[in-house]
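1. Predicted model and sequence follow; I will ask about them next.
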Amino acid sequence: MSKEWTTTNIPYLSGKTIIVTGGNNGLGYESVKAFALKGAKVILACRNLEKGNKAKFDIAKENPAGEIRVMHLDLANLASVNEFAAAFKKEFKGLDVLLNNAGIMATPNFKTADGFEAQFGTNHLGHFALTGLLLEVLKATPGSRVVNVSSLAHKGGKVDFGDLMFANNRKFKPMRAYGQSKLANLLFTYELQRYFEVNNIGSIAVAAHPGGSNTRLAGHLEDGWFITQVSKIARGAMQSAAKGALPQIRASVDPDVKGGEYYGPAGMGELFGYPVLVKSSAASHNVDDAKRLWSVSEKLTGVSY
Ligand SMILES: NC(=O)c1ccc[n+]([C@@H]2O[C@H](COP(=O)([O-])OP(=O)(O)OC[C@H]3O[C@@H](n4cnc5c(N)ncnc54)[C@H](OP(=O)(O)O)[C@@H]3O)[C@@H](O)[C@H]2O)c1
């Protein structure tokens, strides 16, 4: 086996149940494919069933050993998150991996169905609520994992507790909102790991980031001819979605992964390369902020752990 961690390192996953949010496209699609090819039962959670079924159809052409179930989930709507979790728990008694992958980046300033700033609401609060609602099935599954997908952009992020939704004095900037949401993903991961440890729960929380990967994520940046051309060139230079998905795939299924770890690409600036352990910012390890974010998230979502 090569020294680099690739899909050949994925253990056989027969009997494992894995949820991938945003599994119809980009890194989520590649993750669903990798898990299904190795025999897992994968729940492809998506906000557009047509896109989800198309993704399932495309993966089926490769004769996966596992099974793919497409289920509706809109993380920008807490009612949908509740419905998804209830439907899942009705049918499944265990959950080996919850891969919180779905995300939006640099969108204009709009609100989720519950009135949250869209990127914070989708990328962090939606996944916070989903994880809390699935806690009983995670607890019931020995060795289960929650994997949150962050970004290099967390390094420039700031969680502003005085104005989380950019509704007061903070000037809204698309990447500022994205940075906040991706820092929140890490604060949540590390606090969840502490929660598992303090409560003697045998699950672990892990984070990953894909460096720069060629997906549709940057679509909102591509307004205007000039930005579209620059973006096309930048995307052409990025690693493929299949390679960019390796850190989150590794975080999800490598038996050697430990709680509280963070995986990203090994190459220069963590922009590309095979997945290795990486370090997140000092701000992401701020325990006071993590506890505060947890309590605010419980209040905002109405989901208590
Ligand atoms: N690509 C990169 O270079 C990069 C870098 C750093 C971090 N990331 C992170 O990687 C993750 C995956 O992104 P990607 O690059 O694969 O982007 P992508 O190709 O745009 O895929 C994002 C996925 O999230 C789904 N999604 C968005 N909003 C949703 C909602 N409200 N409810 C349910 N699903 C929703 C999308 O569904 P639709 O198809 O319906 O829109 C899509 O399936 C994100 O968390 C992103 O922040 C990516």
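-> Sure, I can see it.
2. okay, now the closest residue to the ligand within the stretch 51-200 of the chain: neighbour count?
-> Of all residues in the stretch 51-200 of the chain, residue 103 sits closest to the ligand, with a separation of 2.5 Å (CB to the nearest ligand atom). To be clear about C-beta, it is placed using only N, CA and C from the backbone, and glycine gets the same treatment. When neighbours are defined as other CB atoms under 10 Å, residue 103 has 26 of them.
3. Repeat that for residue 137.
-> Neighbours around residue 137, by other CB under 10 Å: 20.
4. Can you tell me the closest non-neighbouring residue to it?
-> Nearest-residue entry for residue 137: residue 95, 4.3 Å, with adjacent residues in sequence omitted and distances by CB to CB, 6 or more residues apart in numbering.
5. just checking, the one you found touches residue 142?
-> No - under the criterion of CB atoms under 8 Å, residue 95 makes no contact with residue 142, lying 11.4 Å away.
6. So between those two, which is more surrounded?
-> A count of neighbours by other CB under 10 Å puts residue 95 above the other of residue 95 and residue 142, at 25 against 9.
7. Pretty sure that one sits in a strand.
-> No - assignment of residue 95 by DSSP: H, G, I helix; E, B strand; the rest coil gives coil, placing it outside any strand.
8. where does the stretch 151-300 of the chain dip in pLDDT?
-> Of all residues in the stretch 151-300 of the chain, those with pLDDT under 70 make up the ranges 220-236.
9. Can you name the residues of it that neighbour the ligand?
-> Taking CB under 6 Å from any ligand atom as the criterion, the stretch 151-300 of the chain approaches the ligand at residues 151, 209, 210, 212, 213, 215, 216, 217, 244.
10. Adding distance to residue 29, secondary structure and neighbour count, write those residues out as CSV.
-> Below are those laid out as CSV (distance: CB to CB, whole Å; DSSP: H, G, I helix; E, B strand; the rest coil; neighbours: other CB atoms under 10 Å):
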residue, distance to residue 29, secondary structure, neighbour count
151, 18, coil, 25
209, 17, coil, 29
210, 13, coil, 31
212, 17, coil, 22
213, 12, strand, 24
215, 9, coil, 22
216, 10, coil, 12
217, 12, helix, 22
244, 11, helix, 26
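11. which one of the residues you listed is nearest residue 303?
-> Closest approach between those and residue 303, by CB to CB: residue 151, at 23.7 Å.
12. Enumerate every residue touching that closest one.
-> Contacts for residue 151 (CB atoms under 8 Å, 6 or more residues apart in numbering) come out as 105, 178, 182, 185, 209, 210.
13. Return the set of buried residues in whichever strand or helix holds the third one.
-> Think residue 182. Assigned by DSSP states H and E, residue 182 belongs to helix 174-198. Neighbour counts using 16 or more other CB atoms under 10 Å place 174, 176-196 of helix 174-198 among the buried residues.
14. what does the stretch 1-150 of the chain have sitting close to the ligand?
-> By the rule CB under 6 Å from any ligand atom, the part of the stretch 1-150 of the chain lying against the ligand is 21-22, 24-28, 46-48, 51, 73-76, 101-105, 122, 149.
15. any idea what sits nearest residue 103, other than its immediate chain neighbours?
-> In space, not counting the residues next to it along the chain, residue 103 is nearest to residue 123; the distance is 4.8 Å by CB to CB, 6+ apart.
16. Tell me how far the one you found lies from residue 180.
-> Spatial separation of residue 123 from residue 180 under the definition CB to CB, to the nearest Å is 9 Å.
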